[in-house]
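A.B. asks: what shape does this take:
(3 chains)
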Amino acid sequence: MLMQLTISGLSQGAIYALIALSLTVVFRATTVVNFGHGDFVLGGAFGVYVLVVMLGLPFVPSAIAAIVLMFVCGVLISRGFINPIKAGPHIGFAMMSISIGYIFRGTTRSIWGREVLPMPRVFDIEPVFIGDLVITGDAMIISGIVAILLLAFFIVFYKTSIGKLIQAVYQSERGATLIGINVQRFHDMMWGAGLAMGAVAGILIAPISLLHPDLGAGFLIRGFAAMTLGGFGSLGGAVAGGLILGIMEQYAGAYVNTALIDITSYLVILIVLVVRPSGLFGKRAVVRV
Amino acid sequence: MNGLLNLKDVSVHFAGLKALTDVSLSANAGEVTAVIGPNGAGKTTLFNVISGYVQPTAGEIYFKDEAIHGLTPHAVSARGVRRTFQNGGLFGEMTVLENILTGLHVQIDSNFFGLLFGTRKANEVEKEAAARARRLLALMDMDEFVDQQVKSLSGGQQRMIEIVRTIATEPPMLLLDEPAVGLSPPMRARMMEVIKRLAGEEGIAILLIEHAIDLVMAGSDTIIVLNSGQKIAEGKPQEIRENREVLEAYLGYA
Amino acid sequence: MNQEITKTKRPFMQSGRVFYLVPLVVALIPLFANNYLQFMANMIMVYVLVTVGFNLVIGNLGQLAFANTAFFGIGAYMTAILMTYAGFTYETALVGAAIFGGLAGLLASITALRGIRLYYLAIITLAFGELMRWVYIHGESVTRGTDGLPLPDVTVFGLSMHSDTAKFYFFLLITVLVVKGTSNLLRSRVGRAIMAIRDNEMTTASLGISTANYIILTFVWSGSVVGIAGGMFAAATGRVFPESFSLTEVIVHFAMVMVGGTGSLIGSVIGGIVLTALPEYFRQFPGMEELFFGIIIVIVLLFLPKGLVSLLAKVSPLFRERYFRE
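C.D. replies: The predicted structure follows:
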């Protein structure tokens, strides 16, 4: 039982980890917390839905197209909406990202608002039985793809020259400007990368759950909970936080009450921020005044 | 050790970093006491510990013979030790008059419910405060800016406004953190004049951090030199000018 | 130097007293409104107070807290609960709504005081609001879950408030009192202290102002005002549903503050009026409401960051708020 729950928790958590990581990428690069992210995650899923179900295209090219599309959206948001209000108060960023998220959500709802959309199953893999344990094909695919992506991400981030450059800009934006890095373009790219990664999460989760415009809010909150748990702004922490959150939800649902699954992330946010604001792995989180 | 403000062996350590070590000093009413020293000498930490923004690791601070170490910033301020900030501390979205009125806050005697219901008495107190703020600005020749948003003013004007706001309650003790930094030469001279006037005519005890050594030499009664968190010298401007250790540590002479 | 401060009274139409005419004009609405317009007018007053309360925290104190829907929901549910289970009359239940809204505000302020600010505050208050909605849904034995909790007959001091017109006059009275009280506070040392914290918290303390006390005060006052609005909302709609306090509601409140003008009381009133009336039309089409509010906020952020009130301030200095009295 415990093992079974842990395994399904991990495959759920892999999605949360990806969402939290994509939020963190944007946050670290631009100091903007993207409150519209849940809807952008869903944007990727709806993109695939349109291409696969409505236009009848094959899954893989559709997924790639949707990811590229969300990357472009990210760049446009950075360029057209975040950059112009840079001089204003920080609250503006939050409001801007929420509002763009709502525009996304409103668009999907005005098209598909009255129904819940089933995504066709993409990969039909037989579940694997190990003793009493059942590992579903979906769980294997999700965990596998996320694991490969995370590995690729951290290799790029820590081992390549591009990654070193990104780290340099994270450290000091002014320093980066001095050595000739175009910080605005960097922000655009990071927004694009964040939305593209979020889209991957949405695409992975779509086939195993039904699509509905309201799902976005849940993604956002879980992403925040994972970030908070792992330590706001920490890349590794976001991944660890996501996995732990996924497992916690399963345990809470099985051992306490299924209704608790919905609020595990809220409770995590409340408790972590009040008790240990730096999270499990983060260093500083609190603005002391 | 019988000044208006007395520090006794005050130390401030941040996680191993010794920002201040055993600093003792006094500041007297009607005198300008300047604190000088190279960057990182602990000058701003000294101000922060006096005004309650930083708690001392060891040592005692007395104002009017009452211990003020361990108090919160607003409590220190309410006792009459007011300060300015190096980076400017005005409320940018508010007008000049509203800034001065905020400075008068503790002397506006009205309670919450009086204000909520807009009682005649509460309104009268508010009106008196506004009139007093206007008079104060007029006194400092700043009355032309009264209704302007603070952020639309020049750096020099903002510094002046900040000082007016700080002295609005007529505090007995003033800590000025680099009041002349970034000002044009005529503005600097005027600023120093104002500071001397506040000490000489109003009898305020002034503790001053200033980098411009010419202003310090010309305007202060006593100079305290900090280096690496320690007080290395104290004396009249003339004595400091001739102190070898100071020259080496601060003024850069070999 | 010796400039005499003149104390001549300005003519009525050029002084702030001209705003007293607004409720007098508004009081005439029932004379020509049909049922639908009457209901809208009632909802407008609900949202004016929602915006007034939200703007205090967002605009005046400058804290990014999303607890407003929580305050709103707590006010609405407490009104319904106190009336249904404790037999309170409407006016006393409304006092309860204000108290519980204020307590929720106190809770939110404690997080802010613990140094949880900016995005952390936004996220924790967002979680707070969603947690409350979960409580409404799952606390079925009290809240009746998603079926909604109906309000018993609304009476005020023994008078039946059954008709929308009766509610209208009672709401108008409350709205005027709350807005006037908030205006009084803002135009005093309290309002200045709150805005000083927004502009520079550190130096505010150096002026002898206890920043913690004013942060608490702002949240509690905001919570109470929005709690009252929640109580009015419950009476206006007759039944309280969890879905009325979802995340979608957050953006509605946000839009009202932004469109009216952040940090402006007059702006709050304008935002509440403009955005309650307009989007009602869109509610019948799914998704349109979200699109409308999303686009409106984006436009305001990009092109009119100080809201409609900044346009009006260019026309007449009456709309430029002064936070002092002379």
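
A.B. asks: which residues does the most centrally placed residue in chain C contact?
C.D. replies: Centroid-nearest residue in chain C: residue C:50, 2.3 Å away (criterion: C-alpha atoms, centre = their mean). Residues in contact with residue C:50, defined by C-beta atoms under 8 Å, 6 or more residues apart in numbering or on different chains, are C:68, C:72, C:226, C:229, C:253, C:256, C:272. Using the backbone N, CA and C atoms, a C-beta is placed for each residue, glycine as well.

A.B. asks: wasn't it part of a helix?
C.D. replies: Yes. With DSSP: H, G, I helix; E, B strand; the rest coil as the criterion, residue C:50 is part of a helix.

A.B. asks: next one, pLDDT for it please.
C.D. replies: The model reports residue C:50 with a pLDDT of 97.

A.B. asks: name the nearest residue to residue C:297, ignoring sequence neighbours.
C.D. replies: Ranked by C-beta to C-beta, 6 or more residues apart in numbering or on different chains and with sequence neighbours excluded, the top spatial neighbour of residue C:297 is residue A:99, at 4.0 Å.

A.B. asks: what helix or strand is that neighbour on?
C.D. replies: helix A:91-112 (DSSP states H and E).

A.B. asks: to the chain's geometric centre, what's the distance from the helix or strand just after that helix?
C.D. replies: On the C-terminal side of helix A:91-112, the closest following helix or strand by DSSP H and E is strand A:128-130. On the basis of C-alpha atoms, centre = their mean, to the nearest Å, strand A:128-130 is displaced by 29 Å from the centre of the chain it belongs to.

A.B. asks: likewise stretch A:22-42?
C.D. replies: What separates the centre of stretch A:22-42 from the centre of its chain is 8 Å, taken as C-alpha atoms, centre = their mean.

A.B. asks: which helix runs longest in chain A?
C.D. replies: Longest among the helix segments of chain A by residue count, using DSSP state H, is helix A:2-30.

A.B. asks: now for the helix or strand following that one, which elements pack on it?
C.D. replies: Beyond helix A:2-30 in the direction of the C-terminus, DSSP H and E gives the next helix or strand as helix A:37-49. Packed against helix A:37-49, as judged by 3 or more C-beta pairs under 8 Å, 6 or more residues apart in numbering or on different chains; DSSP states H and E, are the following elements: helix A:2-30, helix A:59-77, helix A:91-112, helix A:183-205, helix A:215-230.

A.B. asks: if we use 6 Å, what do you get?
C.D. replies: Judged by 3 or more C-beta pairs under 6 Å, 6 or more residues apart in numbering or on different chains; DSSP states H and E, the packing partners of helix A:37-49 are helix A:59-77, helix A:91-112, helix A:183-205, helix A:215-230.

A.B. asks: could you dump the longest one to CSV, C-alpha only?
C.D. replies: Extracted C-alpha coordinates of helix A:183-205, given in CSV (Å, rounded to 0.1, in the frame of the first residue of the first chain):
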residue,chain,number,x,y,z
VAL,A,183,19.5,41.2,-20.4
GLN,A,184,16.2,42.0,-22.0
ARG,A,185,16.7,39.2,-24.5
PHE,A,186,17.7,36.9,-21.7
HIS,A,187,14.5,37.7,-19.9
ASP,A,188,12.5,37.0,-23.1
MET,A,189,14.3,33.6,-23.5
MET,A,190,13.7,32.7,-19.9
TRP,A,191,10.0,33.5,-20.1
GLY,A,192,9.8,31.5,-23.2
ALA,A,193,11.6,28.6,-21.6
GLY,A,194,9.4,28.8,-18.5
LEU,A,195,6.2,28.6,-20.6
ALA,A,196,7.6,25.9,-22.8
MET,A,197,8.5,23.7,-19.8
GLY,A,198,5.1,24.4,-18.3
ALA,A,199,3.5,23.4,-21.5
VAL,A,200,5.3,20.0,-21.4
ALA,A,201,3.8,19.4,-18.0
GLY,A,202,0.3,20.3,-19.3
ILE,A,203,0.8,18.0,-22.3
LEU,A,204,1.9,15.1,-20.1
ILE,A,205,-1.0,15.4,-17.7
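
A.B. asks: what about the residue nearest to residue A:30 when sequence neighbours are not counted, neighbour count?
C.D. replies: With sequence-adjacent residues excluded and distances taken as C-beta to C-beta, 6+ apart, residue A:30 is closest to residue A:187, at 5.0 Å. Residue A:187 is surrounded by 24 other residues when neighbours are defined as other C-beta atoms under 10 Å in any protein chain shown.

A.B. asks: from residue C:60, how far off is residue B:122?
C.D. replies: As defined by C-beta to C-beta, to the nearest Å, residue B:122 lies at a distance of 19 Å from residue C:60.

A.B. asks: try residue C:79
C.D. replies: In terms of C-beta to C-beta, residue C:79 sits 26 Å off from residue C:60.
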